[in-house]
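Q: Provide a 3D model corresponding to the input given below.
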Amino acid sequence: MRKAGIMGGTFDPIHIGHMIAAERAMEACGLDEMLFIPNAGPPLKDRAPGASPEDRWSMVRLAVQAHPRFRALDIELKRGGVSYTFDTVLQLQEEMPETEFHLIIGTDRIGDLPKWHRIGELAERIRFIGVDRPSDDGDPAASATAAAGRLPDKLGERLLLASMPRLAISSTAIRARLGAGLSVRYLVPEPALDYLLEKGLYRHDG
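A: Down below sits the predicted model:
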């Protein structure tokens with residue numbers, strides 16, 4: 001059976017941290033491809049995206065186009081509204097019945113898993129891959145392993161781990177730099193960077 005990863009998020013904008021996490025997850029868990037799926041509205045975030053859905057989709061599509069095993073899907077943007085992972089997984093399983101899905105999540109999101117919409121049913125359908133990003137202060141309690149240990153057993157046993165180098169890169173910091181007129185070259189994949197600069201995205205953000 002083919003194995004695919006799901007890399008979801010706002011991607012506001014997509015950056016090289018997303019790309020490296022996807023690559024490490026593929027290597028660690030033997031995935032055949034990675035699906036990048038920008039969301040319309042995340043249920044556990046208060047801030048609305050800074051770029052339009054169309055611009056975020058364009059940046060994701062441009063960023064992944066050169067990788068032979070990365071693919072961008074706009075299914076959540078087309079669906080609109082709040083993006084629930086459970087609904088996305090149902091749709092993917094209907095469209096790709098011979099594929100086993102793995103959802104990529106960061107260390108900071110592992111602890112939120114019990115709050116997710118229909119998490120029990122979701123965990124029966126897919127596996128999770130926790131990307132273990134070292135904390136800035138090296139605190140072992142902030143690791144993916146520690147976060148996984150605090151999960152209920154039924155969730156913990158569905159979680160795999162993939163290591164990730166420490167990268168102080170975030171979409172928030174990138175928006176702030178752009179808002180201040182500073183360069184984000186080498187932080188954003190070049191095709192996506194060219195797009196956001198041409199469009200003048202985030203120039204007044206932050």
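Q: the bottom helix or strand of this structure by mean pLDDT?
A: Using mean pLDDT, DSSP states H and E, helix 144-149 stands out as the lowest-scoring helix or strand of the chain, at a mean of 72.
Q: May I have that one as PDB, with CA atoms only?
A: Extracted in PDB, the C-alpha atoms of helix 144-149 (Å, rounded to 0.1, in the frame of the first residue of the first chain):
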ATOM      1  CA  ALA A 144       8.200  15.400  21.000                       C
ATOM      2  CA  THR A 145       9.100  12.400  23.100                       C
ATOM      3  CA  ALA A 146       8.000  14.100  26.300                       C
ATOM      4  CA  ALA A 147       4.800  15.400  24.600                       C
ATOM      5  CA  ALA A 148       4.000  12.000  23.300                       C
ATOM      6  CA  GLY A 149       4.400  10.500  26.800                       C
END
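Q: what's the spacing between it and its chain's center?
A: 19 Å (C-alpha atoms, centre = their mean, to the nearest Å).
Q: do the same with stretch 170-189
A: 18 Å.
Q: List the buried residues of that stretch.
A: If you call a residue buried by 16 or more other C-beta atoms under 10 Å, then stretch 170-189 has these buried ones: 171, 174-175, 177-178, 184, 187-189. Every residue, glycine included, has its C-beta placed from N, CA and C.
Q: ok, residue 192 touching residue 13?
A: Yes. Between residue 192 and residue 13 there is a contact under C-beta atoms under 8 Å: 6.2 Å.
Q: which residues are contacting the least confident helix or strand of the chain?
A: Identification of contacts with helix 144-149 by C-beta atoms under 8 Å, 6 or more residues apart in numbering yields 107, 110-111, 130-133, 140, 156, 159, 161.
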